Structures are given as C-alpha cells and as structure tokens.
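Engineer: Sequence below, structure please.
(2 chains)
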Amino acid sequence: MTTLRFQHVSKLFRQRHEHARDTDLWALWDIDFACEEGEVLGLVGRNGCGKSTVLKLAARVTSPTEGSVTCVPEVAPMLELGAGFHPDLTGRDNIKLNGSLLGMGRHMSASLIDEIVAFAEVEQHVDTPVKHYSSGMLARLGFAVAVHSPARLLLVDEVLSVGDKLFQQKCLSRMKYLRDSGTTILLVSHEDWWIRSFCTRALLLEQGRIVADTNPEEALRSYDLRLSQVRETKRESQGLDISRVEVVDGEGRPLLYMFEPTLRVRIDYDTSGGAESNWQLVAHVRREDGVRAATVTAAIPADKPAGGAVLDLGNLHLGIAMYAVEVSIEDPNTLEAGVTRTSELFHVPGKFDPRRGYDGVVKPECEWSFG
Amino acid sequence: MGKHILALWGARDVLYTWTVREIKVRYTDTRLGIAWILLYPACWVLMFTLLFSWIFKEAGGGIPYPLFVMTGLVPWFFFSNTISNAVSSLRNNAHLIPKVYFPREILPLGAVLLGFLDLALYLVLVFAAMAYYRVGGGVKMLMAIPVLAGLGTLTLGIGLLASRFALFQREVQLLVPLALQFTMYTVPIFYRVEIVPTRYREIYLLNPVAALIDALRRVLVYGLWPRWWSFAIASAFSVALLVFAYYDFKRAEPEFADRL
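Structural biologist: Sure, this is the predicted structure:
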C-alpha cells in the first residue's frame, strides 16, 4: 500500500530582503515519487538541495506551491527530537506532550510510557524536570518517543547520531523492527553508513530535482561521482605541491558571490621536489556538476620552481550556478596532472529557475531587437 | 470552516496535553503557585480601593467599593492577560511550527483555556467577597455564564487575529500592551457606567469589552438583568469577530512555517 505520494511537487520560497526586491527561489522542482509500506527511502544530496523541504512537505508543516502531497494520516516527524519539551516539566509529562504532538495521544498507556522510559534509559529520572537532564538523555528521550509512535510514516532528519554506540545500535534495531513491521521511513542522513545499511531505496537530489531514484548503493556512487568532480580539494604526488588555490575579489578578499565578470585566482605552488623542472600550471573553471567552463595554462618559469602565482581571468560571463577553480601542475608532454587542488565554491548569483536547469555555462551580454 | 473544526476535534488530544502543559508550567513556575495568582488581583483591588474610594463619592453605587472593583477587575484580567498570552503564543513556540504539524490555533486557544482556569480562581475570590458583604444571589446570577462565554469568544477572536499578525510583524507584540492599557481606561473597571454622561453612554457601551464587564457586574452584584441591547450587540460582534478571525487564521496558516 502506498503511504506517501509526491505528485509533480514544486515549492517556491519567496525570500524577503530588507533593502532589495524579493527574490523567488524554487527549492523543489517536479518531485515525483511514491513510497510503499515497509520501504525506507534515503534522501541524499548536498546541503540546500531540498532534502529537508521534502520532509517538511511530507510532515505537512508546509504546503507545495504546485502539485500535491498525499500521505497516510499517521505521520511521526522526527525533524526535531523532543518537539515541545518544556524544561520545567518532568520527563513523564514531556513524553505525553511530545507523544500527542506525534499523534499518539490516545495510545499513551502507562505501559507504553514505561516502555519509552526504559528504551531511553532514564528510569531514574522520569519524574525529574527535564532541565536537569543531560543533553544525551534529552535526545534519547525524544528519540524513544518518536520510535514508539504507531505512525505508518516516520520522517527522520539527521537525528540518528544520538547517544553512545550502544544506544545507536538500539536505535538501528528499533528502526529495523519498524521497517519490518511495515512502517515507511523517509530518512535524511549525511552518513553513507546509514543510507547503505538501512535504506531500501534512495533519491539523489540536486538543485531541487531528483537526479537519481535507485538503490542506495547506486545513489551514493552517483552522488560521490558528482561531488568528486568539484569537491576533491587536493591530490598530491611526485614531490609537487599546491598549497593554496584561492578565488578573491578586487580587494583581495575570498570571493563568495561573483558580481563582476572577472576572477582573480591566487595560487601557491612548489615544484622544487619534482624530478623534472619542466612543468606547467593548468587552471580549470568548473561548474558544480563538473562541467568545464574554461581552461587556461601557463608554463612555470624555470627560475621560479616555487612561489606564488596570480591568475586574472577576464570576461568570463558565467551562467548562474556554483563554480570552483581547479588548478593542477602537469607535465606538458603527457598532460598528466602531478598534483591538483580545488578552490572553495563560489556563486554566480541570479534568479535560478530549475524548470530549465542550468542556464548554460556562458551567459553572454546580449541585446534583442525585434521588427 | 467545517473541515478545520473537524481537524481541530481530531487534534483534541494535542489541545488537552498542550493546555495541561501550560497550566503545569504556570502553576509550578513561581514558588507561591496558586497563592501568587490570587495575590496579584487582590493587590490591585486594594490599590484601587485606596485610590478611588476617596475620589469618587458613592463610587460603588450602593455596593462596597472593594467588591465593586473586583467585579470589574476579574473579567478585565481575564481579557488582558489572555490576550497578552495569546499574542505571543505563536511566536514563543516558533521553533515548533516548522518541525511538527498540528492545528496552530491550539496555541492561542490553549492560552484562552488557561485564562478560563485563572478566571475560575478569581471568581472564587469574588464569591467569597459577595458572601462577606452579603451582596448578590438570585437567579439572575446565572446570566454570568453567557456573559463570560461572550467575553471568552471576544478574547479568542482578538487572540487569533493578534497572534497571527504578531508572527509576521514583531511590532504587533509591542502595540498590544499599549492598546490594552488604553482600553483599560475606557471600560468600567474602577468607575461606574453611570458617571459617563447620558448622551455618550450608548456610544460608550458599544465597546464590547465595556458592555460585557458592565453586564457581568449587573448580574452578579446589582441583581439586575444586563442591558439587553448592549449585551446583544457585544455578543453578536464577538461571534462575528471570532468567525472572521478563525477564517483568516486558517487561511494564513500554511504560510506560517515558510515565513519563520
């Protein structure tokens, strides 16, 4: 039986600015999937790719701009552990309150409360105000309530790293028990281990769109592949070194948003440990998905085997996306990179519309005329 | 509207546990607990008695002035404290709103239910004072129930409206105490309606808060029926406001999480 269905769901956020016009941001675009009973669906992707928005839509705390979300009424959102906990109330009172927020008000028998207390390992303190609890105890209690709810759909957002090793084992076995008894679980985690060992299926999200809907192993591999194209900051070999690749603005500060069409890159390199003396620097401007936007090279002067280099790139006119500059020292004959280092990502700001995807690597100055 | 009320009924467990939480927090918050909650209006009664029984001759219109003030202060405290609580109820729990769904009106509604509990305690004080002064009694006192229901309706309506605006506009939280302060002088708490000149009295009683406080005092201590016309207008206004406020609240509700 289907417990959760997203039908062509898009979500627009209007960002309000103090001194500028509001900007629109499509956090999700055309998300379409369904979950069956007992399925554990992992959501994978970079921060800001829309994972949490998917969970919020499933939890009904926000509503889609377009499309529809349908789900069973018994939903337990674990977006925050211990939602509604009040520090002055006892553990027992807080269990009842948190439980009722998770839709288990009428199911809160005394024996269930005892079970929750035992699971959370707070038997000694159940009638103590929770302000005297340690943060670990609080998190365990919040977790315990959520996994004892009779929900048919459990939403889990990055809350699995609570407690010690033993407690985590207990969490995992409890979650497996829920899965095997037919609860659908939607899980966001940055820990590959959870996705791999627990999910039955995974969605890879990028810029608010589903780019892979497959088994966890496949999704993680695809995720890694996409990341490695920009993420890997340094590869080193042959006694060569690049100790800095920094994209800076006109005043020399690290660049986060690119407002001008020009870039300055500061590079610190060292080839003095290398076997040969004939090297060249190569710089690639790469979009976040790995696509190469520009490549420039320069031979390293023989009299300066180590030092700093400044690369000024003019008139790039990049399309709206995130980019990084990847610099390698390579052998000009084989074009084999001896060492590679990638800068931090920077944004080319603008109104991104996921309906079209990336606007192309180049956003040229242009002029239309009609008639 | 019907489906919202149905959803609220479905979430009555949440309303119940939430209100119990608020009650427990409030009554375990101060070391004095219930005593403190009663002491607070008692101090006001004492203060007004000392101040005004000198200034206004025949201030109570035949009723001992402390009792007279009490019957005005009790509904006023219910009204103003509840509105203050309701206004901040959404904002104070803003961390919950993007995390878990429940009908959001539970938060201001919980504030009103808590207000009714305080009101019940205050009324015990009033009845004790009435017994002491041997004032009141009779079947007309039962009219206090619909009068207080009207006041509760009005309070909930204003609370819903104000809490939703306070969530989006911080200024509302600052304006409400100011508006309450102003209202306090325009309703018959420490003076009688009769000191308002006759030609303005009808306009004065168009204010639903004034009308309901006046009605409560008449049925409790003067042994009179309410002024029907003003009671009817105040009740009709309160119901209409509540319907409008609830409709408006539910329409704005889907935006709450996104705007926070």
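
Engineer: contacting residues for whatever residue of the stretch 51-200 of chain A ends up closest to chain B?
Structural biologist: Using CB to the nearest CB, the closest approach of the stretch 51-200 of chain A to chain B is made by A:Gly105 at 2.6 Å. Where C-beta positions appear, they are placed from N, C-alpha and C, glycine not excepted. Applying CB atoms under 8 Å, 6 or more residues apart in numbering or on different chains, one finds that A:Gly105 lies in contact with A:99, B:13-14, B:16-17.

Engineer: Near chain A, which residues of the stretch 101-250 of chain B are found?
Structural biologist: By CB under 8 Å from any CB of the partner chain, the part of the stretch 101-250 of chain B that sits against chain A consists of B:101-102.

Engineer: Low-confidence regions, the stretch 101-250 of chain B specifically.
Structural biologist: Using pLDDT under 70 as the threshold, the predicted model of the stretch 101-250 of chain B has no low-confidence range.

Engineer: How about the contacts made by whatever residue of it ends up closest to chain A?
Structural biologist: With CB to the nearest CB as the measure, B:Tyr101 is the residue of the stretch 101-250 of chain B nearest to chain A, at 4.2 Å. B:Tyr101 makes contacts with A:59-61, A:75, A:77, as judged by CB under 8 Å, 6+ apart.

Engineer: Enumerate the residues of chain A near chain B.
Structural biologist: Where chain A comes near chain B, counting by CB under 8 Å from any CB, the residues are A:13-14, A:56, A:59-63, A:75, A:77, A:79-80, A:83-84, A:86, A:88-89, A:93, A:96-97, A:99-102, A:105-106.

Engineer: among these, which ones are buried?
Structural biologist: A:56, A:59-63, A:75, A:77, A:79-80, A:83-84, A:86, A:89, A:93, A:96-97, A:99-102, A:105 (16 or more other CB atoms under 10 Å in any protein chain shown).

Engineer: Which of those fall within helices?
Structural biologist: Under the assignment DSSP state H, these contribute A:56, A:93, A:96-97, A:99-101 to helices.

Engineer: okay, these in a markdown table with distance to B:Phe256 and pLDDT next?
Structural biologist: Rendered in a markdown table, the data for those read as follows (distance: CB to CB, whole Å; pLDDT from 0 to 100):
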| residue | distance to B:Phe256 | pLDDT |
| --- | --- | --- |
| A:Lys56 | 12 | 91 |
| A:Asp93 | 26 | 87 |
| A:Lys96 | 24 | 88 |
| A:Leu97 | 20 | 87 |
| A:Gly99 | 23 | 87 |
| A:Ser100 | 20 | 87 |
| A:Leu101 | 15 | 85 |
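
Engineer: What is the nearest of the residues you listed to B:Ala129?
Structural biologist: When those are compared for distance to B:Ala129 (CB to CB), A:Asp93 wins out at 34.8 Å.

Engineer: show me the contacts for the residue nearest to that closest one when sequence neighbours are not counted.
Structural biologist: Closest residue to A:Asp93 apart from its sequence neighbours, by CB to CB, 6 or more residues apart in numbering or on different chains: B:Lys24 at 6.4 Å. When contacts are counted by CB under 8 Å, 6+ apart, B:Lys24 touches A:88-89, A:93.

Engineer: wait, doesn't A:Ala324 sit right on A:Gly290?
Structural biologist: No. A:Ala324 is not in contact with A:Gly290 according to CB atoms under 8 Å; the separation is 10.0 Å.

Engineer: out of those two, which sits in the busier spot?
Structural biologist: The neighbour comparison of A:Ala324 against A:Gly290 (other CB atoms under 10 Å in any protein chain shown) goes to A:Ala324, with 20 against 15.
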